[in-house]
Structure formats: C-alpha cells, structure tokens
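# can't give you the sequence, but here's the structure:
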C-alpha cells in the first residue's frame, strides 16, 4: 500500500507517492524535524534488498555516532527505487557480459 510521508506539522509532504510513481519501493530518508524530535542523519531502507545508504556528509557506525548536523528544522531528503533487478556479483556474469543495473533511484 503506497502512502505519502508527512512532516510532523501534518501538512508538509516529504514523499509524494503520486509524484514519485514507479519509485515507491525501499523508501528511506534523512531528516531533521524538531517538533517530532527526528534527527536522522543517516539511513537506508529497512528492507533486506536495500543497497543504498545515505548520510548527511558522512556515514558513521550509527546515527548517534554521526557528528554532522542539519542547519535547519524541516530538512528532508527522501528516496525510493523502481524495484528493478540489480547485479552486484559480477562473477556470475559471462566473461564478455557487460555489468548492468536496471535499478533506478529517485530523490525528493
């Protein structure tokens, strides 16, 4: 079930499923939202097939250990993908095959 993601004010859409049609898989984000106490400085989708981790300037061992900071309240970066296949183990490809990736990401 696709649904929009909102900031804590209830009206600011931070991920619009209609606008991002086709990219509503493995949605994740980094954000600062003071009203909700959210200060997510690094993130990846909770799904087991997720291959992308995004951090605010850097990736640390945990969000709490990430020393970076958002300059402003209501700062959001969300992303999702098109759920296409990826090839991360090129050793399974034929020797003359060209590595490929059909997976695409979109950010909002």
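Perfect, thanks for sending it. Bear in mind that the values here come from a model prediction, so they are computed numbers and not experimental data.

# quick one, helices of the protein?
With helices called from DSSP state H, the chain shows none.

# quick one: average confidence on the longest strand belonging to it?
Determined from DSSP state E, the single longest strand within the chain is strand 25-33. Mean pLDDT, strand 25-33: 93.

# elements contacting that strand?
Using 3 or more C-beta pairs under 8 Å, 6 or more residues apart in numbering; DSSP states H and E as the contact criterion, the elements in contact with strand 25-33 are strand 13-15, strand 38-40, strand 42-43, strand 54-55, strand 75-81. Heads up, the C-betas are built off the backbone N, CA and C, glycines and all.

# which residues of this structure score low on pLDDT?
For the chain, applying pLDDT under 70 flags the ranges 1-2, 87-108.

# for the residue nearest to residue 57 when sequence neighbours are not counted, what are phi and psi?
Leaving out its chain neighbours, the residue that sits closest to residue 57 by C-beta to C-beta, 6 or more residues apart in numbering is residue 68, at 4.5 Å. In terms of degrees, to the nearest 10, the main-chain angles of residue 68 are phi -70, psi 160.

# dump the residue contacts of residue 68.
41, 55, 56, 57, 58 (C-beta atoms under 8 Å, 6 or more residues apart in numbering).

# residue 62 versus that one, what's the distance?
Distance of residue 68 to residue 62, computed by C-beta to C-beta, to the nearest Å: 13 Å.

# and if you look at residue 28?
Taking C-beta to C-beta, one finds residue 28 at 16 Å from residue 62.

# between those two, which is the more surrounded one?
residue 28 (21 against 9; other C-beta atoms under 10 Å).

# now the more buried one. Nearest residue, chain neighbours left out?
residue 45 (4.4 Å).

# what is the burial count for the one you found?
Residue 45: 18 surrounding residues under other C-beta under 10 Å.

# quick revisit: what are the pairing partners of the longest strand of the chain, and which direction each?
Strand pairing for strand 25-33, determined by DSSP bridges: strand 38-40 (antiparallel), strand 75-81 (antiparallel).

# same list (the ones you listed) but as TSV, adding mean neighbour count and distance to residue 51.
Shown next, in TSV, are those (neighbours: other C-beta atoms under 10 Å; distance: least, C-beta to C-beta, whole Å):
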stretch	mean neighbour count	distance to residue 51
strand 38-40	17	19
strand 75-81	20	9
